[in-house]
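Enquirer: Prediction below, plus the sequence it came from.
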Amino acid sequence: MTGNRFPFNIPAFRHGINLDLPTPVTFFVGENGSGKSTLLEALAEICGFNPEGGNRDHYREAREDRSELAQALRLSWMPKMTEGFFMRAESFYNFASYLDSVSNFMAYGGKSLHQQSHGESFLALFQHRFEHGLYILDEPEAALSPQRQLAFLRIIHELEVPRHAQFLIATHSPILLAYPGATLYQFEEEGIREVDYHETDHYLITKEFLNGPERILGYLFADEDDN
């Protein structure tokens, strides 16, 4: 899987993609543009989810309609996934509008997602639609306060411990990344490698900032003449 065109020219993909998912919760981490969301979208397509977000009810049947990356990848698992959901923070508004158009928000807590705050609508999805299956989530923390990120971790725990669900999550949140026992893959110039939570830039930068925000901000805003 090589090439000079997108997405095969993304540095993390240049040497191929060969990932094991040994734990029920897997996180993709890395800088913006590192390929996390691109890979998640391709995986969602292969699993039969609409790449714009949703469940298998929005399946695009024709294989040739899949992205080039989705056509190049091969998945294997046991047992085969039949249920789940793909959530993209950036297209969640469109998904909520679709639910309103078909009057299908009763399964999401009985209230239109548009009549809730962004964070409330995200949690409504997580609480009412996450049961058994595979959940592929692209930056679910985008609308969640730190407190609600903790509530989301509880939802993951309630589904993951009895082995009811598997989660693949791309995130920048050091709170979510701390989930116990999760596998973390970092997307880098050299490829994709498994890392420990405490190795991630998300943890290291957040820790350094919280330990001395005045020092970090002073350095960040210093005039060149002061250096």
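Expert: Nice, thanks for sending it over. In this text, all values refer to a predicted model and were calculated from it rather than measured experimentally.

Enquirer: Grab the nearest non-local neighbour of His164.
Expert: His132 (4.9 Å; CB to CB, 6 or more residues apart in numbering). Using the backbone N, CA and C atoms, a C-beta is placed for each residue, glycine as well.

Enquirer: I'd like to know how far that neighbour sits from Tyr219.
Expert: Plainly put, His132 is 49 Å away from Tyr219 if you go by CB to CB, to the nearest Å.

Enquirer: ok, now Leu69?
Expert: Distance from Leu69 to Tyr219, by CB to CB: 39 Å.

Enquirer: Could you check which of these two is surrounded by more residues?
Expert: Remark: of Leu69 and Tyr219, Leu69 carries more neighbours, 22 against 11, as counted by other CB atoms under 10 Å.

Enquirer: Could you look up the SS state of that one?
Expert: Using DSSP: H, G, I helix; E, B strand; the rest coil, the structure places Leu69 in helix.

Enquirer: Low-confidence regions, the chain specifically.
Expert: By pLDDT under 70, the weakly predicted segments of the chain are 1-3, 54-66, 77-82, 89-123, 127-130, 224-227.

Enquirer: Using the record's assignment, carve it into domains.
Expert: 35-182, 193-227 (automatic domain parsing).

Enquirer: Only the buried residues of the last one, if you could.
Expert: Buried residues in domain 193-227, counting neighbours by 16 or more other CB atoms under 10 Å, are found at 195, 197, 200, 202-203, 206.

Enquirer: Is Glu45 in contact with Ser67, as I believe?
Expert: Yes: Glu45 is in contact with Ser67 according to CB atoms under 8 Å; the separation is 6.2 Å.

Enquirer: what residues do the two have in common as contacts?
Expert: Common neighbours of Glu45 and Ser67, using CB atoms under 8 Å, 6 or more residues apart in numbering, are Pro51.

Enquirer: And those two? Which one has more around it.
Expert: Glu45 (23 against 15).

Enquirer: hang on, the more buried one in a helix?
Expert: Yes: according to three-state DSSP, the state of Glu45 is that of a helix.

Enquirer: any idea how far it lies from Val195?
Expert: The value you get for Glu45 to Val195, if CB to CB is used, is 26 Å.

Enquirer: Kindly report the same for Lys36.
Expert: Distance from Lys36 to Val195, counting by CB to CB: 13 Å.

Enquirer: what do you get for Glu139?
Expert: Distance from Glu139 to Val195, by CB to CB: 18 Å.

Enquirer: How about Glu208?
Expert: Glu208 is 17 Å from Val195, by CB to CB.

Enquirer: Common neighbours of Lys36 and Val195, please.
Expert: Val29.

Enquirer: starting at the chain centroid, how far to the longest helix along the chain?
Expert: Longest helix in the chain, counting residues (DSSP state H): helix 146-160. In terms of CA atoms, centre = their mean, to the nearest Å, the centre of helix 146-160 is found 14 Å from the chain centre.

Enquirer: which parts of that helix are buried?
Expert: Buried-residue list, helix 146-160, by 16+ other CB under 10 Å: 148-149, 152-153, 155-156, 159-160.

Enquirer: Repeat that for stretch 32-40.
Expert: 34-40.

Enquirer: Need the contact partners of that stretch.
Expert: Contacts of stretch 32-40 (CB under 8 Å, 6+ apart): 7, 10-13, 17, 28-30, 69, 86, 88, 136-139, 168, 170, 187-188, 192.

Enquirer: First-to-last residue distance for it?
Expert: One end of stretch 32-40 to the other measures 14 Å (CA to CA, to the nearest Å).

Enquirer: Backbone dihedrals for Gly33, both of them.
Expert: Here is the backbone geometry of Gly33 (degrees, to the nearest 10): phi 80, psi 0.
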